[in-house]
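> what's the 3D shape of this:
(one chain, ligands or ions: 1)
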Amino acid sequence: MKSIIVLGCGIAGLSCAVALQDAGFCSIRILARELPPYTTSDVAGGLWFPYKAEPMHRILAWSKVTFQEMMRLRNVPEAGITMTRFFQLFPKQLYRDAWWSGAVEVYRVLTEAEIAAEFPNLPKGQFPSGFYAEVPIAEPHKHLPYLMQRFRARGGTIEHAHIHSLEEVAEPHTIVINCTGLQAKYLVGDDNVFPIRGQIMVVKNTGINRSITIESNDERSEYATYTIARSEDVIMGGVAMENNWETSIDEATIQGIIARCASVEPALAQPIILQHKAGLRPGRTEVRLEAETLSNGATVIHNYGHGGSGYTVNWGCAHEVVHLVRVACSS
Ligand SMILES: Cc1cc2nc3c(=O)[nH]c(=O)nc-3n(C[C@H](O)[C@H](O)[C@H](O)COP(=O)(O)OP(=O)(O)OC[C@H]3O[C@@H](n4cnc5c(N)ncnc54)[C@H](O)[C@@H]3O)c2cc1C
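Model (predicted):
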């Protein structure tokens with residue numbers, strides 16, 4: 001029996017470790033430089049919504065599996081999964097369905113009249129089209145501890161370790177699952193990995209029960225305007241700045257986020273701010289999910305580069321990792 005080491009304790013590493021246990025693999029170790037609450041996965045809003053990740057056909061398939069798993073986990077209170085009414089609004093007329101619509105259960109294209117009724121404060125015609133869906137949120141401050149607890153309860157171990165090369169941990173009878181997110185850029189020298197800076201605010205939820213994403217006419221815009229209504233708070237965002245490594249909080253960005261979010265959700269004009277957060281999404285030209293055999297015979301399964309979709313694809317990716325582990329064990 002091969003032993004399994006999972007590198008990384010963010011949403012990708014934890015869901016792979018748990019899915020491997022579910023599939024009957026035991027003796028799994030997680031090694032990670034940072035543990036929750038200090039990973040990028042702790043910065044996220046946790047909304048199920050495919051964003052800034054490629055390629056589209058794989059993202060859709062993984063998102064669909066993840067949606068179903070999140071729906072099952074809704075029945076486990078400590079998993080921290082909540083549902084939200086989600087509106088995606090566009091500043092132009094669209095004549096198509098959302099590309100992700102096949103992954104969700106409740107979905108419809110919004111009419112202009114429906115948008116006007118839901119958002120009476122908006123100038124007429126500002127957002128002539130949009131999509132509505134009911135989607136899950138995995139609240140990171142509850143969900144990551146839940147996954148850690150679930151993993152440990154079945155004998156998994158989680159250790160602090162900074163790994164400088166795969167060869168340090170990959171022995172011939174070991175399978176290494178590489179879930180190191182943005183740091184994979186340096187761990188395996190992957191030039192296709194890049195940061196996408198994000199900044200958000202966690203504010204008190206004073207009765208908001210819908211989540212909104214506003215699309216821009218400019219696909220290269222660094223502004224990402226969104227609100228995510230969670231059980232006790234609301235996330236106000238944000239930005240998506242490619243190749244920007246800055247993780248400090250920017251004051252001008254805060255003011256911009258408040259102005260843009262309040263224009264669609266007036267109750268957020270004077271938010272009670274609980275926390276500011278900034279982090280770097282692990283961008284990549286395409287998610288890397290594949291097996292590699294090192295020169296010493298060890299198998300490495302890479303699972304990183306999920307961009308702004310780590311919580312949207314995690315279970316789909318984890319199930320594919322389990323499949324690749326089974327293949328590696330049978331060869
Ligand atoms: C502001 C913001 C909002 C977001 N909102 C959402 C959202 O609403 N929905 C969504 O789906 N996604 C969202 N995301 C994206 C999501 O956070 C990421 O896709 C996801 O967290 C990536 O998870 P990961 O496990 O791959 O990486 P990480 O969470 O970064 O975890 C990587 C792990 O690897 C470890 N590691 C790295 N290098 C080494 C090494 N050399 N040795 C040992 N350990 C190492 C780290 O310490 C860490 O434990 C958001 C991101 C940001 C920044």
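> leaving out the residues flanking it, which one is nearest to the residue of the stretch 201-331 of the chain found nearest the ligand?
Using CB to the nearest ligand atom, the closest approach of the stretch 201-331 of the chain to the ligand is made by Gly310 at 2.4 Å. C-beta coordinates here come from the backbone N, C-alpha and C atoms, glycine included. Counting by CB to CB, 6 or more residues apart in numbering, Ile11 is the residue found nearest to Gly310 once chain neighbours are left out, at 4.9 Å.
> what count of nearby residues applies to the one you found?
31 (other CB atoms under 10 Å).
> and it, what is it in contact with?
Ser41, Ala44, Ala138, Pro140, His143, Leu144, Leu147, Gly310, Tyr311, Asn314 (CB atoms under 8 Å, 6 or more residues apart in numbering).
> what do you get for Ala32?
Ala32 touches Leu7, Gly8, Cys9, Gly10, Gly13, Thr39, Ile158, Glu159, His160, Ala161, counting by CB under 8 Å, 6+ apart.
> any of the residues you listed buried? List them.
When the contacts of Ala32 are checked for burial by 16 or more other CB atoms under 10 Å, the buried set is Leu7, Gly8, Cys9, Gly10, Gly13, Thr39, Ile158.
> tell me which of the residues you listed fall in strands.
Leu7, Ile158 (DSSP state E).
> so which of the buried ones among the contacts of Ala32 also contact the ligand?
Leu7, Gly8, Cys9, Gly10, Gly13, Thr39 (CB under 6 Å from any ligand atom).
> can I get the host helix or strand of Glu320 in PDB, CA atoms only?
Using DSSP states H and E, Glu320 maps to helix 310-330. Only the C-alpha atoms of helix 310-330 are listed here, as PDB (Å, rounded to 0.1, in the frame of the first residue of the first chain):
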ATOM      1  CA  GLY A 310     -11.300  27.200  -5.300                       C
ATOM      2  CA  TYR A 311     -14.600  26.700  -3.400                       C
ATOM      3  CA  THR A 312     -16.500  26.200  -6.600                       C
ATOM      4  CA  VAL A 313     -14.500  23.300  -8.000                       C
ATOM      5  CA  ASN A 314     -13.000  21.700  -4.900                       C
ATOM      6  CA  TRP A 315     -15.000  18.500  -4.700                       C
ATOM      7  CA  GLY A 316     -15.000  17.900  -8.400                       C
ATOM      8  CA  CYS A 317     -11.200  18.200  -8.400                       C
ATOM      9  CA  ALA A 318     -10.900  16.000  -5.300                       C
ATOM     10  CA  HIS A 319     -12.800  13.200  -6.900                       C
ATOM     11  CA  GLU A 320     -10.600  13.400 -10.000                       C
ATOM     12  CA  VAL A 321      -7.600  13.200  -7.700                       C
ATOM     13  CA  VAL A 322      -9.000  10.100  -6.000                       C
ATOM     14  CA  HIS A 323      -9.400   8.500  -9.500                       C
ATOM     15  CA  LEU A 324      -5.700   9.400 -10.400                       C
ATOM     16  CA  VAL A 325      -4.600   7.900  -7.000                       C
ATOM     17  CA  ARG A 326      -6.400   4.700  -7.800                       C
ATOM     18  CA  VAL A 327      -4.800   4.500 -11.200                       C
ATOM     19  CA  ALA A 328      -1.300   5.100  -9.600                       C
ATOM     20  CA  CYS A 329      -2.000   2.400  -7.000                       C
ATOM     21  CA  SER A 330      -3.000  -0.200  -9.700                       C
END
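> buried ones in that helix?
Across helix 310-330, burial judged by 16+ other CB under 10 Å covers 310-322, 324-325, 328.
> with adjacent residues omitted, what lies nearest to Arg284?
Spatial nearest neighbour of Arg284, excluding adjacent residues (CB to CB, 6+ apart): Gly305 at 2.8 Å.
> where's that neighbour relative to Thr299, distance?
Remark: distance between Gly305 and Thr299 (CB to CB, to the nearest Å) = 19 Å.
> which one's more surrounded, the two?
Between Gly305 and Thr299, counting by other CB under 10 Å, Gly305 is the more crowded of the two (27 against 23).
> isn't the more buried one right next to Glu290, touching?
No. Checked against CB atoms under 8 Å, the pair Gly305 and Glu290 is beyond contact range at 11.1 Å.
> go through stretch 86-97 and flag the buried ones.
Phe86, Phe87, Gln88, Leu89, Phe90.
> check stretch 127-143 too.
Buried residues in stretch 127-143, defined by neighbour count with 16+ other CB under 10 Å: 127-133, 135-140, 142-143.
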